[in-house]
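# build the 3D model from these lines:
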Amino acid sequence: MDETQAIPAATAAQATPSRFGALLRGVWKFIRTKPLGAFGFLLIFFLFAMTLGTPKAEFGAPSLPDRPFGFELGSPWMQRYSPETLFTTESGLVSAYESPSVEHWMGTDQSGRDTWSRIVNGARRSLFVGVWALVFATLIGAGIGIVSGFWGGWFDLISQRFMDALQAFPALIALILIITINPTIPYINDEGDQVTLLMAAIALGLVGIPSVQRITRGVVLSVREQQYIDAARVIGATDARIMWGYVLPNIFSSIIVVFSTGIAVVILAEAALTFIIPDKLPQGVSWGFMLNDSYASLGDAPWPGVFAAAAISSAVLGFNLAGDALRDVLDPRLRQR
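Residues are numbered from 1 along each chain as shown. This is a model prediction of the structure:
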């Protein structure tokens with residue numbers, strides 16, 4: 001009797017290591033077969049590591065960049081100094097435009113502030129704005145795409161013409177227009193004429209809705225013709241149940257890819273807005289602001305601008321490489337090649 005009871009116990013003890021081993025083998029296979037995708041994920045993990053700080057027991061409505069999920073985050077662990085600390089020389093002059101050194105890994109900017117610390121702080125703003133914008137765009141765009149592609153008919157016709165009108169308007173002009181109009185919305189923008197970062201993220205998400213919707217609709221048009229959809233109708237499933245229980249799980253991989261690659265576009269757009277219309281956006285540490293501040297001195301002291309541009313490029317490259325790899329892994333047609 002004791003030996004019989006020992007067999008299930010031994011099997012349970014071996015289950016966890018085997019699952020962990022399978023996970024490690026899957027990760028190693030991904031690295032071996034998709035080295036560029038693995039490099040993209042490495043860049044993403046490093047960028048998100050820049051945003052990490054000590055959580056504080058201060059809760060409230062989300063506010064970017066220091067309270068992105070309703071609780072306060074302390075200063076990023078990876079920053080060496082405060083981003084607003086002004087360094088001076090022994091003679092009392094501002095240490096402006098110092099070259100990279102042991103004390104300042106990426107040098108200093110025109111005001112004598114540490115460039116590395118500002119790059120780390122800017123990562124929190126850029127990444128959290130990108131995540132919020134894509135969450136908003138994905139929820140709205142994917143919802144419209146699923147219903148439009150599944151139902152077709154008049155709803156599809158009206159929604160697609162509306163999306164055509166939105167997409168025909170230049171994205172950058174639309175963003176500037178939305179931010180300039182700046183409506184007051186409770187919990188999102190309740191500070192009158194002052195634009196909040198959360199409002200800017202919503203504006204970026206609005207511009208991204210048509211692209212998300214079109215990709216989702218295209219996948220749904222293929223999925224709705226599958227036999228399991230017909231089988232669901234035969235057993236009496238409602239349209240809502242079919243879309244939620246059958247269509248959505250089968251297009252979820254495509255939504256993940258759209259989300260991943262879309263963050264790169266939003267990060268680039270946010271940097272462009274802070275560079276073009278810095279007075280219309282909330283002040284603070286931002287890669288786009290760093291580019292704007294160093295633009296006039298790129299020829300003589302390029303370090304702050306070069307490192308800010310490198311941070312933007314690394315974020316865009318990481319999300320694009322990761323998105324391409326996810327598409328290859330999650331799409332069964334590409335996985336079989």
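# list the buried residues for whichever strand or helix holds residue 164?
For residue 164, the element it lies in under DSSP states H and E is helix 153-168. Neighbour counts using 16 or more other Cβ atoms under 10 Å place 156, 159-160, 163, 167 of helix 153-168 among the buried residues. (C-beta placed from N, C-alpha, C; glycine too.)
# ok, and what's touching it?
144, 147-149, 174, 209-211, 213-214, 217 (Cβ atoms under 8 Å, 6 or more residues apart in numbering).
# export only the CA atoms of it, formatted as PDB.
Only the C-alpha atoms of helix 153-168 are listed here, as PDB (Å, rounded to 0.1, in the frame of the first residue of the first chain):
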ATOM      1  CA  GLY A 153     -23.300  43.800 -44.200                       C
ATOM      2  CA  TRP A 154     -24.300  47.300 -43.300                       C
ATOM      3  CA  PHE A 155     -22.200  47.500 -40.100                       C
ATOM      4  CA  ASP A 156     -19.100  46.500 -42.000                       C
ATOM      5  CA  LEU A 157     -19.800  49.000 -44.800                       C
ATOM      6  CA  ILE A 158     -20.400  51.900 -42.400                       C
ATOM      7  CA  SER A 159     -17.500  51.100 -40.100                       C
ATOM      8  CA  GLN A 160     -15.000  50.600 -42.900                       C
ATOM      9  CA  ARG A 161     -15.900  53.900 -44.600                       C
ATOM     10  CA  PHE A 162     -15.500  55.600 -41.200                       C
ATOM     11  CA  MET A 163     -12.100  54.000 -40.700                       C
ATOM     12  CA  ASP A 164     -11.100  55.000 -44.300                       C
ATOM     13  CA  ALA A 165     -11.900  58.600 -43.400                       C
ATOM     14  CA  LEU A 166      -9.800  58.400 -40.200                       C
ATOM     15  CA  GLN A 167      -6.900  56.800 -42.000                       C
ATOM     16  CA  ALA A 168      -7.000  59.300 -44.800                       C
END
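# pLDDT of that helix, averaged?
Across helix 153-168, pLDDT averages out at 86.
# now do it: distance to the chain's middle.
In terms of Cα atoms, centre = their mean, to the nearest Å, the gap separating the centre of helix 153-168 from the centre of its chain is 26 Å.
# go on, stretch 108-121?
For stretch 108-121, the gap between its own C-alpha mean and the chain's C-alpha mean amounts to 23 Å (Cα atoms, centre = their mean).
# and the end-to-end length of it?
With Cα to Cα, to the nearest Å as the measure, stretch 108-121 spans 15 Å from end to end.
# and the contacts of helix 153-168 as JSON lines, adding secondary structure and neighbour count?
Listed next are these as JSON lines, based on DSSP: H, G, I helix; E, B strand; the rest coil; neighbours: other Cβ atoms under 10 Å:
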{"residue": "144", "secondary structure": "helix", "neighbour count": "23"}
{"residue": "147", "secondary structure": "helix", "neighbour count": "21"}
{"residue": "148", "secondary structure": "helix", "neighbour count": "23"}
{"residue": "149", "secondary structure": "helix", "neighbour count": "25"}
{"residue": "174", "secondary structure": "helix", "neighbour count": "15"}
{"residue": "209", "secondary structure": "helix", "neighbour count": "22"}
{"residue": "210", "secondary structure": "helix", "neighbour count": "23"}
{"residue": "211", "secondary structure": "helix", "neighbour count": "19"}
{"residue": "213", "secondary structure": "helix", "neighbour count": "29"}
{"residue": "214", "secondary structure": "helix", "neighbour count": "19"}
{"residue": "217", "secondary structure": "helix", "neighbour count": "24"}
